[in-house]
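1. Next one to model:
(one chain, ligands or ions: 2)
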Amino acid sequence: MKCAPTITTQPTSQTVTEGETATFTVVTSGTEPLSYQWQQSTGSGQIWTDIDGATDATYITATTTTNMNGTQYRCVVSNSAGSVISNVATLTVNEHVHTWGNPVWNWSEDGKTCTVTFTCQNDETHKETPAVTVASAVKTPATCTETGVTTYIATVEFNGQTHTDTKEVADIPATGHSYENGKCTVCGGIDPAFKSMIIEGANGKWQKGSEDALSFTSNAAFADFLKVQIDGKDVDSSNYTVKEGSTIVTLKTSYLETLPVGKHTLAIVSDTGTAETEFTVVAAEKQVVDDESANDKAASDSDKESLAKTGDGSMLPITVPSILAVVSIATGVFALRRSRI
Ligand SMILES: [Zn+2]
Ligand SMILES: [Zn+2]
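-> Ligands and ions are numbered 1, 2, ... in the order given. The predicted structure follows:
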């Protein structure tokens, strides 16, 4: 006995988002073989047309678009005993709404350019790459020896929001030292190539009793001056003066008088190194007064001779006037000194 087809489960209306497919199914009974033909209507069921190839119990639509919204579907089921038409099912296609994920930044190595990609979380084939603006700012300035760091800031306006990303690049070259007189004017670093030396007054000589102080000049900067050493020992600063140009140390005569006759070493110690030399202290001349005399040198010579022979009575008449002459000269010098005060 043949039975005409009946539909035990009707197709149901489907709601999808554009880009998806929709699936319609009928469940039937009836004498095999059964044939199926799905139909669609875009005019509210006025006109139905067969869908090519839609000849199974299940029909899967093509990828949907919003144009397909409202399309109706039904299935005609047939066998040798007759045919039946299913209920109508309606397709609703909702517009796809992008849900953008977090930006994915792609920096160039040097930080100067950057791109960004937004991917739709509802459909990863939806990607947007809006234009990025890159600005830069110094994060850490370069020093004499260390490279500085630049912060690059990428900014993008997308979907009503501002997104930023940063990249740090150590791309500011170190400035190198600015040495002046052996010292860096920026960081205070000492120039390893700088050689401290006495540029004036090296190997000086000082005679005891001299009123002239003894000066030495080091090529080190005055600002870098630390101390003076004589014969390897620190000299109290009350014993010398120090002034600029580059570094001029003047030993006071009162101190020089305390040094034994002979050779001594002098060191001007600065931040930038030690300048060393030697100097000699020589004994006072015995005839200081004669030396200073502007009078007839021949007379002085004879005085020395005469004085050397003091004690020889026969010479006394010559000697006395000579002594008087010496005394008068000494008095004159004394008067001269007083007048300077
Ligand atoms: Zn999307
Ligand atoms: Zn420096």
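2. Residue 238: neighbouring residues, count only.
-> If you count neighbours by other Cβ atoms under 10 Å, residue 238 ends up with 9. No exception for glycine: its C-beta is placed from N, CA and C like everyone else's.
3. ok, what's across the strand from the closest residue to ligand 1 within the stretch 101-250 of the chain?
-> Of all residues in the stretch 101-250 of the chain, the one sitting closest to ligand 1 is residue 120 (3.0 Å; Cβ to the ion). Note on residue 120: beta-bridge partners residue 100, judged by DSSP bridges.
4. Number of residues surrounding it?
-> 16.
5. what's the answer for the one 4 residues further on, then?
-> Neighbourhood size, residue 124 [other Cβ under 10 Å]: 9.
6. quick one on the thing from earlier: can I assume the residue of the stretch 101-250 of the chain closest to ligand 1 is in contact with residue 98?
-> Yes. Using Cβ atoms under 8 Å, residue 120 is in contact with residue 98, at 4.5 Å.
7. what do these two both touch?
-> residue 126 (Cβ atoms under 8 Å, 6 or more residues apart in numbering).
8. contacting residues around the residue of the stretch 101-250 of the chain closest to ligand 1?
-> Neighbour list for residue 120: 98-101, 126-127 [criterion: Cβ under 8 Å, 6+ apart].
9. Which strands and helices lie in contact with the host helix or strand of residue 276?
-> Applying DSSP states H and E as the criterion places residue 276 in strand 273-282. Contacts defined by 3 or more Cβ pairs under 8 Å, 6 or more residues apart in numbering; DSSP states H and E place strand 273-282 against strand 198-200, strand 204-207, strand 214-218, strand 262-270.
10. mind saving the C-alpha coords of it as CSV?
-> The C-alpha coordinates for strand 273-282 follow below in CSV (Å, rounded to 0.1, in the frame of the first residue of the first chain):
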residue,chain,number,x,y,z
GLY,A,273,96.6,64.9,37.8
THR,A,274,99.8,66.0,39.5
ALA,A,275,102.3,68.4,38.1
GLU,A,276,105.8,67.9,39.5
THR,A,277,109.2,69.7,39.3
GLU,A,278,112.2,70.4,41.3
PHE,A,279,113.5,73.6,42.8
THR,A,280,116.6,74.5,44.7
VAL,A,281,117.0,76.5,47.9
VAL,A,282,120.4,78.1,48.0
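11. what's the spacing between stretch 224-236 and its chain's center?
-> In terms of Cα atoms, centre = their mean, to the nearest Å, the centre of stretch 224-236 is found 38 Å from the chain centre.
12. do the same with stretch 169-189
-> 12 Å.
13. Now do the end-to-end distance for it.
-> One end of stretch 169-189 to the other measures 26 Å (Cα to Cα, to the nearest Å).
14. which other residues reach it?
-> So stretch 169-189 is contacted by 110-111, 138, 140-150, 152, 190-191, 194, 196, 219-221, 224, 246, 270-273 (Cβ under 8 Å, 6+ apart).
15. Buried by neighbour count, from those residues: which ones?
-> 111, 142-144, 147-148, 150, 152, 190-191, 194, 196, 219-221, 224, 246, 270-273 (16 or more other Cβ atoms under 10 Å).
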